[in-house]
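Student: Provide a 3D model corresponding to the input given below.
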Amino acid sequence: MNSLRPRIPRRAVHGVLLLDKPLGLSSNDALQKAKRLYRAEKAGHTGTLDPLATGLLPLCFGAATKFSQISLDADKTYRATLKLGVKTTTADAEGEVLQTREVNVTREQIDAACRRFTGEIDQVPPMHSALKRDGKALYEYARAGIEVEREARHITIHGIAIIDWQYDELTIDVRCSKGTYIRTLAEDIGEALGCGAHLSALRRTGSGPLTIDGAFTLEQLSAMSDAERDAKLMQADTLLADWPVVRLDDEGAGRFLSGVRRRLPLADAPRVRVYGPQPKAFLGSGHIAGGELISTRLLSPIEVQGLLNTETAESTL
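Tutor: Modelled structure (predicted):
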């Protein structure tokens, strides 16, 4: 008797899903659950969220996976809650308490501390992180009680807005460049205030042009029919929504998809999204240099048609 589960048939699914990742689930676990719901052949996420973090996790399916790096490199927005007066081994609520101090701060001091860490700064990655050293993640060294030297990374904190402050709990919104560790920021703010702090809650609310508005939970997706679920997928060009548009005729589209450069009467641009003559015929990304359109990332003709079919399916619901 065969006790193995029957294999679920996979299908070609193309598009971007805005997932609201739940607490306690790793980004990869969330991705695999969504992939099973869609029975998708190919899927990937666009940047890891710690299990203790919730919020926006854009997932790419099929052709959209070619552009996942764009979202990975994009600026991020977070809502972070800091527990003042308590420093932990991991700089977040998962670690053991290292030190407790009295909290005696003013709003002016909090404003000054936030300003101190706004702009271009150098940040030392935490030991409890997935960064690799000699093939091992830093958190593996940390769990073994070994601390290794880490090189500071250049990051940008575009803005910190104070949302709420109640004695030993501070809630802030942070807009930052990729590679920023919010728990390190929380710990640094705590040290600047003289009382210490750790990150007690974190929610990602934005990634590039994408926001948590319109994101769906796994529970919501599970309750939908296949057609309803498919309709929640956004087009692959959603990841490039803030890039300039170049539209080509049939001949130009064919040349672009073949990787052939094309001279256009357009100003140079470091990145553009390119379309064929049909309104939703997204072809890929490119850049314009010296008056020439040069492809960067191309879709195959089959993928272009797959995205058009996805759009057609959405419009008939």
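Student: can we go C-alpha only for contacts and neighbour counts from here?
Tutor: Will do.
Student: for the longest strand belonging to the chain, name the packing helices and strands.
Tutor: Longest strand of the chain, by residue count under DSSP state E: strand 153-166. If you count contacts as 3 or more CA pairs under 8 Å, 6 or more residues apart in numbering; DSSP states H and E, strand 153-166 packs onto helix 107-116, strand 119-123, strand 169-176.
Student: and residue 93, which of those is closest to it?
Tutor: Among the helices and strands packed on strand 153-166, the nearest to residue 93 by CA to CA is strand 169-176 (13.0 Å).
Student: low pLDDT regions in the stretch 201-317 of the chain?
Tutor: 306-317 (pLDDT under 70).
Student: ok, 90 please
Tutor: 209, 214, 236, 241-242, 262, 264, 277-281, 299-317 (pLDDT under 90).
Student: all strands of it, in order?
Tutor: 210-211, 245-247, 262-263, 269-275, 282-289, 292-298 (DSSP state E, counting those that start in this stretch).
Student: picking up where we left off before, mean neighbour count, the helices and strands packed on strand 153-166: which tops it?
Tutor: Highest mean neighbour count among these (mean count of other CA atoms under 10 Å): strand 169-176, with a mean of 21.
Student: average pLDDT for that one?
Tutor: Averaged over strand 169-176, pLDDT sits at 98.
Student: tell me which other helices or strands it touches.
Tutor: So strand 169-176, by 3+ CA pairs under 8 Å, 6+ apart, packs with strand 76-84, strand 153-166.
Student: show me what the last one pairs with in its sheet, parallel or antiparallel.
Tutor: Listed by DSSP bridges, the sheet partners of strand 153-166 and their directions read strand 119-123 (antiparallel), strand 169-176 (antiparallel).
Student: re earlier: in CSV, list the helices and strands packed on strand 153-166 along with distance to residue 205.
Tutor: Converted to CSV, those look like this (distance: least, CA to CA, whole Å):
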stretch, distance to residue 205
helix 107-116, 19
strand 119-123, 20
strand 169-176, 9
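Student: can you redo the strands paired with strand 153-166 as CSV with distance to residue 204?
Tutor: Shown next, in CSV, are the strands paired with strand 153-166 (distance: least, CA to CA, whole Å):
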stretch, distance to residue 204
strand 119-123, 20
strand 169-176, 9
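Student: residue 29: which element?
Tutor: helix 27-38 (DSSP states H and E).
Student: residue ranges in the stretch 51-200 of the chain under the pLDDT threshold?
Tutor: Ranges of the stretch 51-200 of the chain meeting pLDDT under 90: 51-52, 71, 89-90, 94-95, 124-153, 179.
Student: touching, residue 83 and residue 199? I think so.
Tutor: Yes: using CA atoms under 8 Å, residue 83 makes contact with residue 199 at a distance of 6.2 Å.
Student: higher neighbour count, those two?
Tutor: Neighbour totals were compared for residue 83 and residue 199, and residue 199 leads with 29 against 23 (other CA atoms under 10 Å).
Student: quick check: which of the helices and strands packed on strand 169-176 is nearest to residue 58?
Tutor: strand 76-84 (11.8 Å).
Student: could you name the helices and strands sitting against the following helix or strand past the closest one?
Tutor: Using DSSP H and E, the helix or strand that follows strand 76-84 towards the C-terminus is strand 86-88. Where contact means 3+ CA pairs under 8 Å, 6+ apart, strand 86-88 is packed against strand 97-100, strand 197-207.
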